[in-house]
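J.: next one to model:
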Amino acid sequence: MLEQRWNARLGEQHRIERELQELSDASAPLSSSDETALRALGENFSAVWNDAACPMALKQRIARLLIKEIVVDIDATAQQLNMVIHWQGGCHTTLAMPKPMSGAVAHKTALEDVDLITRMAPRYGDDEIARVLSKLGRRTGKGNRWTQSRVATVRRKHGIASPVIGDLDPDLLNLAQAHKHCAVSDTTLMRLIKANLLPAAQVAPYAPLEIKRADLDSEPVAGIIERLKKTGKLMLDGVPSVEQPSLF
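T.: Model prediction:
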């Protein structure tokens, strides 16, 4: 029995000696040819790393081999990550990058869009608001085109009420309503607006024009429209317009 234990211990000793020798061989200095080969691989590293055929699993293995540790410090004020990369060879690299946003924040609707929806919602439906946002080139937090349903979703999320027909100001007209009220064409109304004779406002560019009924019924607009209906001539500041198609 003693001999068997002795032989077993000798076998274990030989095994450990072989492993130590293998580790010693692995850490032996590189030969000049090996060093040249490794440096040649390094020159092609960027091409291999950026090649579409290089799988992510291989990149992860490479990173684990090269990087010893990464120390990260969060700058809450600047919302920035400050990192120090400790490489296996003993070198260090500093790196800063914006702190990644959570999905809720990254996909959050822009405040400008929420503000426009808030200002338009008391008078206009979701379809009209979506049209204006699209005309302005705006996109949702996820980069999608604005639609009626997406505007409605934002309204509900922010507690923005939709227009109530009975609560709308009857004395504030859009262009179509002003046309019906005065019985003159949109072209005529636009000429009056461009001549700064008829005040008109917009919540935002591309939003419907808003015209006060009182401005249509008072001078100088009321007198100009009355003369137009009598003479068929649009006279701005006493000068008749030369081209007058579809004035009524």
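J.: tally of neighbours for residue 148?
T.: Counted with other Cβ atoms under 10 Å, the neighbours of residue 148 add up to 14. C-beta here means a position set from N, CA and C on the backbone, and glycine is covered the same way.
J.: I'd say it and residue 130 touch.
T.: Yes: shown here, residue 148 and residue 130 form a contact pair, counting by Cβ atoms under 8 Å, at 5.2 Å.
J.: from start to finish, how long is stretch 170-184 in a straight line?
T.: 19 Å (Cα to Cα, to the nearest Å).
J.: what about that stretch, average pLDDT?
T.: Across stretch 170-184, pLDDT averages out at 91.
J.: kindly report the same for stretch 43-59.
T.: Rounded mean pLDDT across stretch 43-59 is 86.
J.: shouldn't residue 179 be in contact with residue 186?
T.: Yes: the criterion here is Cβ under 8 Å, and residue 179 meets it with residue 186 at 5.4 Å.
J.: more neighbours: which of those two?
T.: residue 179 (18 against 13).
J.: tell me the secondary structure for that one?
T.: Of the three states, residue 179 takes helix according to DSSP: H, G, I helix; E, B strand; the rest coil.
J.: can you pull the contacts of it?
T.: Shown in contact with residue 179 (Cβ atoms under 8 Å, 6 or more residues apart in numbering): 185, 186, 189.
J.: restricted to helices, list those residues.
T.: 186, 189 (DSSP state H).
J.: and which of the contacts of residue 179 is nearest residue 17?
T.: residue 186 (98.8 Å; Cβ to Cβ).
J.: so residue 147 touches residue 130, yeah?
T.: Yes: contact criterion Cβ under 8 Å: residue 147 and residue 130 qualify, at 5.4 Å.
J.: same drill for the two, tell me which one is more crowded.
T.: Between residue 147 and residue 130, counted using other Cβ under 10 Å, the more crowded position is residue 130 (21 against 16).
J.: pLDDT score assigned to the residue lying closest to that one once chain neighbours are set aside?
T.: Spatially, and ignoring its direct neighbours in sequence, residue 130 is nearest to residue 146 (4.4 Å; Cβ to Cβ, 6 or more residues apart in numbering). The model reports residue 146 with a pLDDT of 92.
J.: right, I'll call it a day here.
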